[in-house]
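> Quick one, structure for this:
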Amino acid sequence: MREFDSLDGAILIDKPAGPTSHDVVDAIRRQFQIKKVGHCGTLDPNATGLLIIVLGRGTKLSEKLMSSDKVYEGTIKFGETTDSYDADGELVASLPVPPTAVEQLNELAATFVGDQMQMPPMVSAIKKNGVPLYKLARKGIEVERQPRLIHIYNFRFSAYTEPIGHFSVACTKGTYVRTLAHELGQKLGCGAHLATLRRTVSGKFNVADAIPLDAALKLSLSELEKRVIPFLKLAAS
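Residues are numbered from 1 along each chain as shown. From the prediction side, this is the model:
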């Protein structure tokens, strides 16, 4: 039986806004010449925060790590609806924001807590007949999607200054926070979109223990090895 290599495991990256999750994988693969590299749970390009990067035989644990619950922090801009439900999309509607306070936003947010069937947005990486939905959306094509069961553990606002609300949400994997923002805006009657998003927790791992991507790419191979969470520890997490 082959023993585990010092690079068989995972590292925790604090992803910046801009690159895709796949870009982060490619950068680490190229910099350290590691054949097998993957990520556990896609972050949209403009989203920041915790991205678990699995290395070597650690890639065998991708599915297990992806299934973990997540915690996000972010901001929602009320009064503007976009086609992607986030700040990257095209503005499709703009309405005045009614007088609102944090307490009212939390009352609305509380209606999302628990099990619910969530419809994935057209602008998503979900595939229809092998084609990502976002590619169809770019062509103006909208297809039938199947709602997915998700669970929201907690959804709370901590501050609000019109038109921006600051929130945190704890949820199961596969939850589209963009869709929560969109539907919350509909409930408030003025529309909304997700302005910023940062993943702070994935399972037992916290972004406080992650290293920024640019700093990770400056590590020597031996320095990288010291930051790797070993395979056996990952498997037991």
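> name the element the residue nearest the centre of the chain belongs to?
Residue closest to the average C-alpha location in the chain (Cα atoms, centre = their mean): residue 43, at 3.9 Å. Following DSSP states H and E, one finds residue 43 outside all helices and strands.
> got a list of what the closest residue to residue 82 other than its chain neighbours touches?
Sequence neighbours aside, residue 89 is the residue nearest to residue 82 in space, at 3.3 Å (criterion: Cβ to Cβ, 6 or more residues apart in numbering). Bear in mind the C-beta positions are built from the backbone N, C-alpha and C, glycine included. Taking Cβ atoms under 8 Å, 6 or more residues apart in numbering, we find residue 89 in contact with 82, 83, 123, 193.
> Please produce a markdown table containing those, extended by neighbour count and pLDDT.
Shown next, in a markdown table, are the contacts of residue 89 (neighbours: other Cβ atoms under 10 Å; pLDDT from 0 to 100):
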| residue | neighbour count | pLDDT |
| --- | --- | --- |
| 82 | 22 | 95 |
| 83 | 18 | 89 |
| 123 | 23 | 83 |
| 193 | 24 | 98 |
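> these two touch, right, the residue nearest to the centre of the chain and residue 51?
Yes - Residue 43 is within contact range of residue 51, at 5.8 Å (criterion: Cβ atoms under 8 Å).
> what residues do the two have in common as contacts?
Joint contacts of residue 43 and residue 51 (Cβ under 8 Å, 6+ apart) are 15, 21, 199.
> if I look at the first one, how far off is residue 27?
I take that to be residue 15. 11 Å (Cβ to Cβ, to the nearest Å).
> and if you look at the last one?
Distance, residue 199 to residue 27, by Cβ to Cβ: 18 Å.
> quick one: which of these two has more around it?
Using other Cβ atoms under 10 Å as the criterion, residue 199 and residue 27 rank with residue 199 on top: 23 against 18.
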